[in-house]
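Enquirer: pasting the structure only:
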């Protein structure tokens, strides 16, 4: 196994083994063939990929990483290696590209990152044995009906009459002619808009070429 920088890992309480010892223990349970397969795929050290995050300032335990989160971290490292920090630090851009690449990866690549995620989960369980997933409650969203009847008592809502607004009078011939001319111009399709947006996002002025990925 590769040696690790101990300073890059958080130390636990004196009663618990440090994280680097837990990581080494988990990796020692991996068969050599799978370990070599992972090393051929990733750019970051596997020890760093499966290391859980530190607790937040509020003392909250981080969630275990899934396969895509690990893939995105490794993808960002490849972008930084090939294109520099300026591009890799653009998190929305890198996340979008990572999602596109992930969707096009074959099952073998995804399976490799799933194995890494399983290793990360084992480390997470041993580092944070008392972790319990608690989903955050989102604020209630008002529906159109709730907003419309917000100040009306429930008993009156049932008898609320439907408001009817008569149609506007027809426009003059000249107005209709202008409207017809405007409507005759076809709008771009959604595929065209997505293509234009993607081309704009792909272009990197500093490098004077299109960004198509880390390879």
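Expert: Thanks, I have the structure now. Bear in mind that the values here come from a model prediction, so they are computed numbers and not experimental data. Residues are numbered from 1 along each chain as shown.
Enquirer: only C-alpha atoms from now on, for both contacts and neighbour counts.
Expert: Will do.
Enquirer: I'd say residue 95 and residue 72 touch.
Expert: Yes. With contact defined as CA atoms under 8 Å, residue 95 counts as touching residue 72 (6.9 Å).
Enquirer: next, residue 51: secondary structure please.
Expert: Using DSSP: H, G, I helix; E, B strand; the rest coil, the structure places residue 51 in coil.
Enquirer: can you count the residues close to it?
Expert: Using other CA atoms under 10 Å, residue 51 is surrounded by 23 other residues.
Enquirer: which one's the longest helix in this structure?
Expert: helix 107-127 (DSSP state H).
Enquirer: where does this protein have low pLDDT?
Expert: Applying pLDDT under 70 to the chain flags residues 1-17, 139-215.
Enquirer: run through who's touching whichever strand or helix holds residue 102.
Expert: According to DSSP states H and E, residue 102 maps onto helix 91-104. Here helix 91-104 makes contact (CA atoms under 8 Å, 6 or more residues apart in numbering) with 68, 71-72, 75-76, 87-88, 110, 201, 213.
Enquirer: give me the subset of the residues you listed lying in helices.
Expert: Using DSSP H, the contacts of helix 91-104 in helices are 68, 71-72, 75-76, 87-88, 110, 201.
Enquirer: report the two of those residues separated the most.
Expert: Maximum pairwise distance among the ones in helices among the contacts of helix 91-104 (CA to CA): 25.5 Å, between 110 and 201.
Enquirer: residue 117 contacts residue 67, correct?
Expert: Yes. Residue 117 is within contact range of residue 67, at 5.1 Å (criterion: CA under 8 Å).
Enquirer: now residue 52, nearest residue through space, not along the chain?
Expert: residue 124 (6.1 Å; CA to CA, 6 or more residues apart in numbering).
Enquirer: against residue 132, how distant is the one you found?
Expert: 12 Å (CA to CA, to the nearest Å).
Enquirer: between these two, which has more neighbouring residues?
Expert: residue 124 (24 against 9).
Enquirer: was I right to think the more buried one contacts residue 54?
Expert: No. Contact criterion CA under 8 Å: residue 124 and residue 54 do not qualify, at 10.8 Å.
Enquirer: could you flag which of the contacts of helix 91-104 are buried?
Expert: 68, 71-72, 75-76, 87-88, 110, 213 (16 or more other CA atoms under 10 Å).
Enquirer: save those as JSON lines, and put in distance to residue 28 too.
Expert: Putting the buried ones among the contacts of helix 91-104 into JSON lines (distance: CA to CA, whole Å) gives the following:
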{"residue": "68", "distance to residue 28": "24"}
{"residue": "71", "distance to residue 28": "22"}
{"residue": "72", "distance to residue 28": "25"}
{"residue": "75", "distance to residue 28": "25"}
{"residue": "76", "distance to residue 28": "27"}
{"residue": "87", "distance to residue 28": "36"}
{"residue": "88", "distance to residue 28": "32"}
{"residue": "110", "distance to residue 28": "22"}
{"residue": "213", "distance to residue 28": "33"}
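Enquirer: can you report how many residues neighbour residue 28?
Expert: 12.
Enquirer: show me the contacts for it.
Expert: Taking CA under 8 Å, 6+ apart as the definition, residue 28 has no contacts.
Enquirer: so how far is residue 97 from it?
Expert: From residue 28 to residue 97 the distance is 33 Å (CA to CA).
Enquirer: what does residue 108 give?
Expert: Counting by CA to CA - residue 108 and residue 97 are separated by 20 Å.
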